[in-house]
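*Asks:* Here is a sequence with its predicted model. Questions after.
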Amino acid sequence: MAITAAPRADVEPIDRRLGLPPHPARLWTSTGDGRVRCHLCPRRCSLAEGEYGFCKVRKNDAGRLVTLNYGISVQLTEEVIETEAVYHLRPGARILSLGNVGCMMACTFCQNWATSQAVHVREEDVRRYTPEQVVETALAHGIGILSWTYNDPVVWHEFVLDTARLAKRHGLLNLYKSAFSIGAEAIEELCEVIDIFSLSLKSMDPVFYSRMTRARLEPVLDAIRQVRTHRDRHLELSNLLVTGANDNLTEGAKVARWVLDELGDDVPLHFVRFHPAYQYTAVGRTSIDVLKAVREQALRMGVKHCYLGNVPEAGPWTDTSCGGCGAVLVRRFGLVSSTPGLNASGCCSSCGRLSPVVPGPTGHGPAAAPAVLPGREITHLWHGESTSGHVSLQNLTGSPRVAILRPDLRAPAGRAIPLRPGEQWRLMVSREHPDSPGAALSVPDGVQAEFWDVLDRAHFPTAQEMRP
Ligand code: SF4
């Protein structure tokens, strides 16, 4: 399904449209004559009184730089770590995903354009949270990792720092998924609180960056190199192969070469399948044969761990195997993973060799609740290539409620989803087997529920996309 956006030229700025209050920004200087310069991303916007930055969520407010999206988020959503192209840490771990509004880039093919491009953001798709509410929600649902993701967390810097610091004090990890067009000072601040970086390198071609993302390549390369100097931070890299733009062996080889030369052969590299979106819809999805060929080439060049993303077929391109005996350590289908060959110490259970995958708490409870509760049942049938969806729930009552989710509707029992009084909650449900027909949800009285298709991983389906 390709989703496009009609141009919106004459809309009001996002703060006036949505009533967003200003919040003091970090990383800026006053340059005299009332102008300010933002240092958050390499664009380094110089703004006169009342002007907005390229991202549209920072502005010069009476001679000081303010951010307009502090605490402004899409609905907090439970997903799994594989959603963020992180394969070598805590397979299957539940994460709490947060995305905000605005972006320092403007990719023509953005799958999250409805939130990344401020001009398109609608009130129905945003929520307002404090750092305390985010951390409380993760703890209440037994989730151990906050994931800063979707549109791009760079332009949410102040809220990310405040919340991530609080999260660390409560024993949570922080994951940062970004296209990483960001300044050096901001990276150093992030490295104090972010444990896991999943970074996207769009291309090794400067012209691709300027034409298709409106950002520059070199600062992104510098930023990724800078994170790599923090060797205690987990790093994985993704490269989206966009049909007709960079989906070929030559471009794939340039990415693999740079990873080998600058990051090392042990940094996992994900080649990711594109779907038509936003302003780039006249082409089809990336060919799976091309993706497989680009991966094979990277392996031959020396990349040790190379995966394909958004590919509906399971196989060696999604699994992690032991470098010693070849046993499958982690098996993946879509966003569902299992660890048949990995022991609790992170070693191959066949030959004992230390694996590149670090296991850890996943946040999954003992599960198995009764399949059906009094109330109603909603089913969602998988169709086409879809392997995951979001379940949106709202407890309209003043007392706790429990819904029961069966990711495979044929299963006799399911997972209990506790809902606090008045709580809105979203969680990802993924197809567990190729032959699974769909998922089912038992919903008690007083709870609203809806299934929404997720087009690819790290896509946040908004109300305006699903109910245009
Ligand atoms: S973060 Fe926004 S305001 Fe700051 S330099 Fe980048 S685009 Fe400009």
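*Replies:* Nice, thanks for sending it over. Numbering: from 1, shown residues only.

*Asks:* for the residue in the chain that the ligand sits nearest to, what are its contacts?
*Replies:* Minimum separation of the chain from the ligand (C-beta to the nearest ligand atom) falls at Gly53, amounting to 2.2 Å. For glycine as for every other residue, the C-beta is placed from the backbone atoms N, C-alpha and C. Shown in contact with Gly53 (C-beta atoms under 8 Å, 6 or more residues apart in numbering): 38, 43, 45, 47, 59.

*Asks:* In helices, which of the residues you listed appear?
*Replies:* The helices, defined by DSSP state H, take in nothing from the contacts of Gly53.

*Asks:* Can you sort out which of those residues also neighbour the ligand?
*Replies:* Restricting the contacts of Gly53 to those within reach of the ligand (C-beta under 6 Å from any ligand atom) leaves 38, 43, 45.

*Asks:* What about those residues, which are in strands?
*Replies:* Secondary structure defined by DSSP state E assigns Cys38 of the ones next to the ligand among the contacts of Gly53 to strands.

*Asks:* Contacts only, for Gln75.
*Replies:* 127, 392, 424, 426 are the contacts of Gln75 under C-beta under 8 Å, 6+ apart.

*Asks:* got the CA coordinates for stretch 232-246 in PDB?
*Replies:* C-alpha atoms of stretch 232-246 as PDB (Å, rounded to 0.1, in the frame of the first residue of the first chain):
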ATOM      1  CA  ASP A 232      30.800   0.700  25.100                       C
ATOM      2  CA  ARG A 233      27.700   1.800  23.200                       C
ATOM      3  CA  HIS A 234      25.900  -0.800  21.100                       C
ATOM      4  CA  LEU A 235      25.800   0.200  17.400                       C
ATOM      5  CA  GLU A 236      24.000  -1.300  14.400                       C
ATOM      6  CA  LEU A 237      23.700   0.300  11.000                       C
ATOM      7  CA  SER A 238      20.900   0.300   8.400                       C
ATOM      8  CA  ASN A 239      20.800   1.200   4.700                       C
ATOM      9  CA  LEU A 240      17.500   1.500   3.000                       C
ATOM     10  CA  LEU A 241      17.600   0.400  -0.700                       C
ATOM     11  CA  VAL A 242      15.200   2.700  -2.400                       C
ATOM     12  CA  THR A 243      14.000   1.400  -5.800                       C
ATOM     13  CA  GLY A 244      15.500   3.300  -8.700                       C
ATOM     14  CA  ALA A 245      17.700   5.400  -6.500                       C
ATOM     15  CA  ASN A 246      20.300   3.200  -4.700                       C
END
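
*Asks:* roughly how far is that stretch from the heart of the chain?
*Replies:* In terms of C-alpha atoms, centre = their mean, to the nearest Å, the gap separating the centre of stretch 232-246 from the centre of its chain is 13 Å.

*Asks:* for that stretch, what is the average pLDDT?
*Replies:* Here stretch 232-246 scores 97 as its mean pLDDT.

*Asks:* Would you mark the buried spots in it?
*Replies:* Neighbour counts over stretch 232-246 (16 or more other C-beta atoms under 10 Å) mark 234-243, 245-246 as buried.

*Asks:* same question, stretch 122-137
*Replies:* For stretch 122-137, using 16+ other C-beta under 10 Å, the buried residues are 125-126, 129, 131, 134-135, 137.

*Asks:* what's the farthest-apart pair in these?
*Replies:* Using C-beta to C-beta, the two most remote members of the buried residues of stretch 122-137 are Asp125 and Val135, lying 22.6 Å apart.

*Asks:* residues from this protein in reach of the ligand?
*Replies:* 38, 40-41, 43-45, 53-55, 58, 104, 155.

*Asks:* let's see 5 Å
*Replies:* Proximity of the chain to the ligand, by C-beta under 5 Å from any ligand atom, involves residues 38, 40-41, 43, 45, 53-55, 58, 104.

*Asks:* Let's test this: mean pLDDT of stretch 195-209, rounded?
*Replies:* 98.

*Asks:* Show me what that stretch is in contact with.
*Replies:* With contacts defined as C-beta under 8 Å, 6+ apart, stretch 195-209 is touched by 84-86, 89, 107, 145, 173-180, 212-213, 215-218, 220-221, 223-224, 227, 233-240, 245-246, 251, 254-255, 258.

*Asks:* ok, of those, which come out buried?
*Replies:* Going by neighbour count (16+ other C-beta under 10 Å), the contacts of stretch 195-209 have 84-86, 89, 107, 145, 173-180, 212-213, 215, 217, 220, 223-224, 227, 234-240, 245-246, 251, 255, 258 buried.

*Asks:* just checking, which of these belong to strands?
*Replies:* Those of the buried ones among the contacts of stretch 195-209 lying in strands (DSSP E): 145, 173-178, 234-240.

*Asks:* Same list (the residues you listed) but as a markdown table, adding distance to Asp453.
*Replies:* A markdown table is the format used below for those (distance: C-beta to C-beta, whole Å):
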| residue | distance to Asp453 |
| --- | --- |
| Ile145 | 24 |
| Leu173 | 29 |
| Asn174 | 28 |
| Leu175 | 24 |
| Tyr176 | 26 |
| Lys177 | 20 |
| Ser178 | 24 |
| His234 | 30 |
| Leu235 | 30 |
| Glu236 | 26 |
| Leu237 | 27 |
| Ser238 | 22 |
| Asn239 | 25 |
| Leu240 | 20 |
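
*Asks:* Between the contacts of Gly53, which sits nearest Leu291?
*Replies:* Arg43 (31.4 Å).

*Asks:* and the closest residue to the closest one other than its chain neighbours, what is it in contact with?
*Replies:* Spatial nearest neighbour of Arg43, excluding adjacent residues (C-beta to C-beta, 6 or more residues apart in numbering): Phe54 at 5.4 Å. Residues near Phe54 by C-beta under 8 Å, 6+ apart: 43, 45, 104, 106, 214.

*Asks:* before we move on, back to that, could you work out the most separated pair of the buried residues of stretch 232-246?
*Replies:* Most distant of those, by C-beta to C-beta, are His234 and Thr243, 30.3 Å apart.

*Asks:* What's the end-to-end length of stretch 389-403?
*Replies:* End-to-end span of stretch 389-403 (C-alpha to C-alpha, to the nearest Å): 16 Å.

*Asks:* Can you list the buried residues in that stretch?
*Replies:* Residues 389-395, 401-403 are the ones in stretch 389-403 that count as buried (16+ other C-beta under 10 Å).

*Asks:* In JSON lines: the residues you listed, plus pLDDT and secondary structure.
*Replies:* Shown next, in JSON lines, are the buried residues of stretch 389-403 (pLDDT from 0 to 100; DSSP: H, G, I helix; E, B strand; the rest coil):
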{"residue": "Gly389", "pLDDT": "91", "secondary structure": "strand"}
{"residue": "His390", "pLDDT": "92", "secondary structure": "strand"}
{"residue": "Val391", "pLDDT": "94", "secondary structure": "strand"}
{"residue": "Ser392", "pLDDT": "94", "secondary structure": "strand"}
{"residue": "Leu393", "pLDDT": "96", "secondary structure": "strand"}
{"residue": "Gln394", "pLDDT": "96", "secondary structure": "strand"}
{"residue": "Asn395", "pLDDT": "97", "secondary structure": "strand"}
{"residue": "Arg401", "pLDDT": "93", "secondary structure": "strand"}
{"residue": "Val402", "pLDDT": "92", "secondary structure": "strand"}
{"residue": "Ala403", "pLDDT": "92", "secondary structure": "strand"}
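
*Asks:* Kind regards, and thank you for your time.
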